[in-house]
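J.: this one's sequence-less:
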């Protein structure tokens, strides 16, 4: 009986020691990771979770979780190629940043007739689709309008909105202006450049044209 009791106590002690070691395993692993330090430069390991649509990247600067967005299943314009890989900039709280390419879970579909992406740090072309196709300038014309207005009108001048300044409210009217509204040039410029408001563009072009007499020529020289 005494021998059996001693064996039971010994087994219980071994069991307790084993449980204590299991509790220390996470601390040991953490110590090993801290001792090894960050991954060497140029080496990276990535793991992807398709169910959660996230990507975990481990690099020399530290870990970063990326949220990948699911795109629409069909392209809006037939024949427009969709990039299957996208370049992502990430950063860590410890400082530093890195660039890496990830494969989209569902390739994003472009709706534009032309697109281009350039790395401004080294002028490298990252992606292009119909980059030389002639297209209407669209709202980039508002930038020229703003330049002409800035050299012609004072910011505190007041402009009254005329019926001819109003545009399609469903597409181009982003300020909700109505005929008879009175705004400063600064306020209209804010709506022009921030909200891309078409009615603000028309009102400013009209006011500048009345001052210059030939706004088209002035814009052409900018």
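T.: Perfect, I can see it now. Nothing here was measured: the structure is a model prediction, and the numbers come from that model. Numbers count the residues shown, from 1 in each chain.
J.: the bottom helix or strand of this protein by mean pLDDT?
T.: strand 45-49 (a mean of 36; mean pLDDT, DSSP states H and E).
J.: skipping its backbone neighbours, what lies nearest residue 195 in space?
T.: residue 174 (4.1 Å; CB to CB, 6 or more residues apart in numbering). C-beta coordinates here come from the backbone N, C-alpha and C atoms, glycine included.
J.: can you verify the one you found is assigned to a helix?
T.: No: using DSSP: H, G, I helix; E, B strand; the rest coil, the assignment for residue 174 is coil, not a helix.
J.: what sits against it?
T.: Contacts for residue 174 (CB atoms under 8 Å, 6 or more residues apart in numbering) come out as 191, 195-198.
J.: using a markdown table, lay out those together with neighbour count, pLDDT and secondary structure.
T.: Formatted as a markdown table, the contacts of residue 174 follow (neighbours: other CB atoms under 10 Å; pLDDT from 0 to 100; DSSP: H, G, I helix; E, B strand; the rest coil):
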| residue | neighbour count | pLDDT | secondary structure |
| --- | --- | --- | --- |
| 191 | 22 | 94 | helix |
| 195 | 13 | 90 | coil |
| 196 | 15 | 91 | coil |
| 197 | 24 | 93 | coil |
| 198 | 23 | 92 | helix |
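J.: of those residues, which is the nearest to residue 118?
T.: Within these, proximity to residue 118 (CB to CB) peaks at residue 196, which comes in at 22.3 Å.
J.: roughly how far does the residue nearest to the closest one when sequence neighbours are not counted sit from residue 198?
T.: Excluding the flanking residues, the one nearest residue 196 by CB to CB, 6+ apart is residue 139, at 5.0 Å. According to CB to CB, to the nearest Å, residue 139 stands 8 Å off from residue 198.
J.: now residue 187
T.: As for residue 187, its distance to residue 198 is 15 Å (criterion: CB to CB).
J.: could you list the low-confidence segments of this protein?
T.: Within the chain, the stretches with pLDDT under 70 are 1-108, 214-222.
J.: can you list the domains in the chain?
T.: As assigned by automatic domain parsing, the chain contains the domains 45-129, 138-220.
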